[in-house]
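Asker: Curious how this folds, go ahead:
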Amino acid sequence: MPKIAEIFSSIAGEGSWMGRPATFIRFSGCNLSCEWCDEKHARDIEGGEYLSLREVVEECKKRRLRRVVITGGEPLLQKEDCIKLVKELTALGFRVMIETNGTLLNRLNQEEREILRNCEITVSPKKGHLSGNAVRTAISLSAQFKFVVGENSWRCDEVRDLTRKYSINNENIWLMPMSLNGIIDEDLARRVWEFCVKEEFNYSDRLHVRVWKNEKGR
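Answerer: Coordinates of the predicted model:
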């Protein structure tokens, strides 16, 4: 039975699903503690509540949105329940995306990897917590990579060097300016924008931050 921080309906604000309506399932607990995290309420595994997989699936069905984003926290901390949820939702015809920091991808067995091939995976690597094996596993799963650029996170040139080192397809790379306390540094956003044009990366804004700041459940 998974520990869930929140379930809500919103518009995806980042990455390849940006602008699309979806149901968000936020798992409780994270194995990292990024100081600029904008979902601190979901980092503690003690937070949230236990829900049966049936309750989670029924909540998605009730909301009648065909896209579901499984996020956190770090959803793969509760790997067994997360994988089962993906399997059930995809069998019902939902389009599913998992957002993960990528540090636990190497713990997936072959059967679990095959199940995840039926959904989209977005890896948001955290600087200092990214192994080569994790990158290679993500590539094998056709994952997208979403890098937060800003102070105490990634620099644009570091992302470029990493993608070249592992030969990651530019089509699967998203750069996104960091937000702090619900505020996006517009000068930073412009620099990231220009770098994406130069290197032919994808630029991601943060629509939910622009519209709702740090409001929970958005």
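Asker: For C37, which non-adjacent residue is closest in space?
Answerer: R43 (6.7 Å; C-beta to C-beta, 6 or more residues apart in numbering). Just so you know, the C-beta spots here come from the backbone N, C-alpha and C atoms, and that holds for glycine as well.
Asker: Can you report how many residues neighbour the one you found?
Answerer: 19 (other C-beta atoms under 10 Å).
Asker: Correct me if wrong: it contacts N31.
Answerer: No. Using C-beta atoms under 8 Å, R43 is not in contact with N31, being 9.3 Å away.
Asker: pull the helix or strand with minimum mean pLDDT from this structure.
Answerer: When the helices and strands of the chain are compared on mean pLDDT, DSSP states H and E, strand 179-180 comes out lowest with a mean of 88.
Asker: strand partners of that strand, parallel vs antiparallel please.
Answerer: According to DSSP bridges, strand 179-180 forms sheet pairs with strand 183-184 (antiparallel).
Asker: how much distance is there from the strand it pairs with to the middle of the chain?
Answerer: Taking C-alpha atoms, centre = their mean, to the nearest Å, one finds strand 183-184 lying 19 Å from the centre of the chain it belongs to.
Asker: Just checking: what are the partner strands of the longest strand along the chain?
Answerer: Taking DSSP state E as the criterion, the chain has its longest strand at strand 3-11. Applying DSSP bridges to the sheet, strand 3-11 is found paired with strand 21-27 (antiparallel), strand 49-50 (antiparallel).
Asker: Packing partners of the helix or strand just after the shortest one?
Answerer: Counting by DSSP states H and E, the next helix or strand C-terminal to strand 49-50 is helix 53-63. When contacts are defined as 3 or more C-beta pairs under 8 Å, 6 or more residues apart in numbering; DSSP states H and E, helix 53-63 sits against strand 3-11, strand 21-27, helix 79-91.
Asker: Great, nothing more from me.
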